[in-house]
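**Q** Got a predicted structure here, sequence first:
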Amino acid sequence: MPSYTPPLRDMQFVLHEVLNVSDDFKQMPSHAEIDADTIAAVLEEGGKFASQVIFPLNQIGDQQGCTLNRDTHEVKTPDGFKAAFEQYVQGGWPALSADPAYGGQGLPLVVNQCLYEMLNSANQAWTMYPGLTHGAYEALHAHGTEAQKNLYLPKLTSGEWTGTMCLTEPHCGTDLGLLRTKAEPQADGTYRLTGNKIFISAGEHDMVSNIVHLVLARLPDAPSGSKGISLFVVPKFHVQPDGRLGERNGIYCGGLEHKMGIHGNATCQMVLDGAVGTLVGQPNKGLAAMFVMMNAARIGVGMQSLGLTEVAYQNALAYAKDRIQSRSLTGVKNPSQAADSILVHPDVRKMLLTAKAYAEGGRALALYCAMLIERELHHPDDVERSEAADQVALLTPIVKAFITDNAWTATSSCMQVFGGHGFIREWGMEQYVRDARINMIYEGTNTIQSLDLLGRKVLSNQGAALKKFGAKIAALVAQEQGNEEMAEFLTPLAKLGQQMTQFTTEIGYKAMQDADEVGAAAVDYLRVAGHLVFGYFWARMAQVALQQMAQGSRDPFYQAKLQTARFYFAKLFPETATLMITARAGASVLMETDAVFA
Ligand SMILES: Cc1cc2nc3c(=O)[nH]c(=O)nc-3n(C[C@H](O)[C@H](O)[C@H](O)COP(=O)(O)OP(=O)(O)OC[C@H]3O[C@@H](n4cnc5c(N)ncnc54)[C@H](O)[C@@H]3O)c2cc1C
């Protein structure tokens, strides 16, 4: 049986010692009163809920999965899921960072992100039910009419209803311009939607009284392609103007997908059979409106993988301490036992340190990103808001793709620490590997994230947003100039920062001759950019640890931080050199290969 301890100490470290969130909150009138004690108390309770209520349902959910009643189209979630959701609602957790105007508690998003990391460590499949609801809430909050907001937001905030995002169709995944679901305008101002959606997470389930679907569809006169897509809100049950539930709407689950992981989450084929919906935002501008939800979901997917990396690490570490096998290469370490713990073997340590470095680097990046979103939404200064928005746009594909790719490596390494026992169900490790795999695929595959980063977020503005991040690195390097203890972190980081400009310019130049150069370099490029960002945060974390130790702290937490930073820069960060070589290899080795595929 796996176990899970919420990483509250590390969260506090990132929030207060690395990011100094209280300074930021003081600049935002809506959060000026938030203090560190409140955050700590909320996270402690959230950690208890995640580890005591949600975590015990993880393996049950994996084994039972969801079941569809084909007569009623109702979906039953695994045992305990519904009761846990009721507890979640009663605890007020869905409202944590929602707008007080709709019943929310108005706490900073960064607190909610910490909660979500813990929920995802505990049980990713369960957490997707409330997770998608947040995205639906945000899309309606940003683009809904007053009437739509008043009708839906209070119930999504309280957790009485959940939300979904219905984009994908059988012939249309990445390329949403191909979608066919139709929306016919009605005399009363509503629309009737007809079509088939697939892979809809939490599309149908038994945990709440109503499900609010955000659906992409085409109006009759819509232009073809992605410029002709509109967004609609389609409830499972019609909602009366006074909020009471009416008749069943014509949207139902026609089938459940049988899949590799996240079995406890219902992945539904949804049939829209003249379902009544209302338009959200402007006609034919649905993709832009849906991007609010997709961006929130992309960061949410990063949090899923962060959670899995952390829980896999914790269990692999506990196992490695306990498991005895072979003797240390440098001589017997534990003579009272027949063999030494596997922790004496360098490669076992490497696997564990990889997971720890990816978890803690990911936490720093994800929480930094949450603070940027906070600034984008709540900072009183226009320039600050707009700069924060640019950084969020730059970092979102990195949070999504780099953290999820790393989690695949980390969960697999942690499984390897268990040897054959990792492959056996009862230890829970193989579930983490299976669950982690989807995060690289949905919400835009990681290839699409890398194209978004390189094409839209970097090359389209001559790397302006990336240079802003580079300025943070330069400031840290300048601040620590002459500090020999920081040199092992800052020398490689500063070098990569300098190489990045040339590297980006070269790809941009080649792309002007051949657009395939972007596609050929993008995945490698995102990993290099991911390390640049992680490298900054690992250097910052090492800086804080060194400062604490210089002031006399003997807290092993800081020593561990420093040792992990050393490992990260020595063993993981250097892959950037190879990645820059492979990215520079160009498009021809990929595209002049027709004989291979003939
Ligand atoms: C468990 C699960 C849950 C999901 N939940 C939801 C949900 O709640 N709502 C929803 O709407 N959808 C959901 N999806 C769908 C998911 O977002 C899509 O599967 C994903 O976007 C990829 O689309 P596709 O499967 O059609 O693959 P395709 O688009 O067919 O892609 C196939 C391959 O081609 C590559 N490719 C495609 N286009 C390009 C390109 N332009 N450049 C380079 N490479 C390209 C892709 O990266 C991929 O490797 C879910 C999927 C799964 C499996």
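**A** Now that the structure is in, tell me what you want to look at. No experiment lies behind these values; they were computed from the predicted model shown.

**Q** Who does the top strand by length along the chain pair with, and is each partner parallel or antiparallel?
**A** Criterion DSSP state E: the longest strand present in the chain is strand 267-280. Strand pairing for strand 267-280, determined by DSSP bridges: strand 191-201 (antiparallel), strand 230-235 (antiparallel), strand 251-256 (antiparallel).

**Q** distance between the ends of stretch 434-443?
**A** Start and end residues of stretch 434-443 are separated by 17 Å (CA to CA, to the nearest Å).

**Q** which strands and helices sit next to the helix or strand harbouring Gln12?
**A** Using DSSP states H and E, Gln12 sits in helix 8-12. Helices and strands in packing contact with helix 8-12 are listed as helix 36-48, helix 346-378; criterion 3 or more CB pairs under 8 Å, 6 or more residues apart in numbering; DSSP states H and E. (Each C-beta comes from the backbone N, C-alpha and C, glycine too.)

**Q** roughly how far is that helix from the heart of the chain?
**A** Relative to the mean C-alpha coordinate of its chain, helix 8-12 is positioned 19 Å out (CA atoms, centre = their mean, to the nearest Å).

**Q** what does it contact?
**A** Among residues not part of helix 8-12, those counted as contacts by CB atoms under 8 Å, 6 or more residues apart in numbering are 36, 40, 43-44, 47, 114, 117, 360, 363, 367, 557.

**Q** Can I have the buried ones of these as a PyMOL selection?
**A** The following PyMOL command selects only the buried members of those, with burial defined by 16 or more other CB atoms under 10 Å:
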select buried, resi 43+47+114+117+360+363+367
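
**Q** from the contacts of helix 8-12, which is closest to the ligand?
**A** Nearest to the ligand among these, counting by CB to the nearest ligand atom, is Glu117 at 20.0 Å.

**Q** ok, the longest strand of the chain near the ligand or not?
**A** Yes: residues of strand 267-280 are located near the ligand by CB under 6 Å from any ligand atom, namely Thr267.

**Q** Going along the chain from that strand, find the next helix or strand for me.
**A** Going down the chain from strand 267-280, the next helix or strand is helix 286-322, by DSSP H and E.

**Q** Pick out the residue of the protein closest to the ligand.
**A** In the chain, no residue comes nearer to the ligand than Gly173, which is 1.7 Å away by CB to the nearest ligand atom.

**Q** Just give the closest residue to that residue, not the sequence neighbours.
**A** Setting aside the residues directly before and after it, Gly173 is nearest to Phe199 in space (CB to CB, 6 or more residues apart in numbering), at 7.9 Å.

**Q** can you tell me how far the one you found sits from Pro170?
**A** When CB to CB, to the nearest Å is the yardstick, Phe199 and Pro170 sit 9 Å from each other.

**Q** Not counting sequence-adjacent ones, nearest residue to the most centrally placed residue in the chain?
**A** Here the mean C-alpha position of the chain is nearest to the C-alpha of Gly302 (CA atoms, centre = their mean), at a distance of 2.0 Å. Nearest in space to Gly302, with sequence neighbours left out and distances taken as CB to CB, 6+ apart, is Val399 at 3.8 Å.

**Q** which SS state does that neighbour fall under?
**A** helix (DSSP: H, G, I helix; E, B strand; the rest coil).

**Q** swap in Ala522?
**A** Of the three states, Ala522 takes helix under three-state DSSP.

**Q** need the contact list for it.
**A** Ala522 makes contact with 447, 450-451, 453-455 under the criterion CB under 8 Å, 6+ apart.

**Q** Those residues of the stretch 401-550 of the chain touching the ligand, which are they?
**A** Applying CB under 6 Å from any ligand atom, one finds that the stretch 401-550 of the chain approaches the ligand through 438, 441-445, 447-448, 451, 519.

**Q** Over to the chain?
**A** Proximity of the chain to the ligand is assessed by CB under 6 Å from any ligand atom, with 165-168, 173-174, 199-201, 259, 267, 438, 441-445, 447-448, 451, 519 identified as the residues in range.

**Q** And Gly482, its phi and psi?
**A** When quoted as degrees, to the nearest 10, the phi and psi of Gly482 stand at phi 90, psi -10.

**Q** Actually, Leu219.
**A** On the backbone of Leu219 - angles per degrees, to the nearest 10 - the values are phi -80, psi 160.

**Q** Next one: it from Arg527, what distance?
**A** Noted for Leu219: a distance of 40 Å to Arg527, by CB to CB.

**Q** For the two, indicate the residue with more neighbours.
**A** Neighbour comparison, Leu219 and Arg527: the larger count goes to Arg527, with 24 against 19 (by other CB atoms under 10 Å).

**Q** Chain neighbours aside, what residue packs nearest to that one?
**A** Once flanking residues are discounted, Arg527 sits nearest to Leu579: 5.2 Å by CB to CB, 6+ apart.

**Q** And the strands in the stretch 351-500 of the chain?
**A** Secondary structure of the stretch 351-500 of the chain (DSSP state E, counting those that start in this stretch): no strands located.

**Q** Okay, helices next: where are they in it?
**A** Remark: helices assigned in the stretch 351-500 of the chain by DSSP state H, counting those that start in this stretch are 382-417, 429-438, 446-451, 464-479, 484-513.

**Q** got it, and the stretch 1-150 of the chain?
**A** In the stretch 1-150 of the chain, helices defined by DSSP H, counting those that start in this stretch lie at 8-12, 21-26, 36-48, 58-64, 81-90, 109-143, 146-158, listed in chain order.

**Q** Counting by contacts, list what the second one packs against.
**A** In terms of contacts (3+ CB pairs under 8 Å, 6+ apart), helix 21-26 is packed against helix 346-378.

**Q** One more pass at 10 Å, please.
**A** Contact here means 3 or more CB pairs under 10 Å, 6 or more residues apart in numbering; DSSP states H and E; on that basis helix 21-26 packs against helix 36-48, helix 109-143, helix 346-378.

**Q** Would you convert the strands paired with strand 267-280 into CSV that also reports mean pLDDT and mean neighbour count?
**A** Shown next, in CSV, are those (pLDDT from 0 to 100; neighbours: other CB atoms under 10 Å):
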stretch, mean pLDDT, mean neighbour count
strand 191-201, 98, 21
strand 230-235, 97, 26
strand 251-256, 98, 20
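
**Q** Go through those strands and name the closest to Asp390.
**A** Comparison of the strands paired with strand 267-280 against Asp390 by CB to CB identifies strand 230-235 as nearest, at 24.4 Å.

**Q** burial count for the closest residue to Gln304 other than its chain neighbours?
**A** Ranked by CB to CB, 6+ apart and with sequence neighbours excluded, the top spatial neighbour of Gln304 is Asn120, at 4.7 Å. Each residue near Asn120 was counted by other CB under 10 Å, and the total is 30.

**Q** Quick check: Asn120 touching Asn265?
**A** No: counting by CB atoms under 10 Å, Asn265 is not a contact partner of Asn120; they are 11.7 Å apart.

**Q** Mind listing the shared neighbours of the two?
**A** 126-128, 131, 435 (CB atoms under 10 Å, 6 or more residues apart in numbering).

**Q** what would the residues you listed look like in TSV with pLDDT?
**A** Putting these into TSV (pLDDT from 0 to 100) gives the following:
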residue	pLDDT
Trp126	98
Thr127	98
Met128	97
Gly131	94
Asp435	98
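
**Q** right, and out of those, which lies closest to Gly274?
**A** For these, with Gly274 as the reference and CB to CB as the criterion, the closest is Met128, at 28.1 Å.

**Q** Who are the contact partners of that closest one?
**A** Met128 neighbours (CB under 10 Å, 6+ apart): 119-120, 162, 201-202, 262, 264-267, 297, 300-301, 304, 438.
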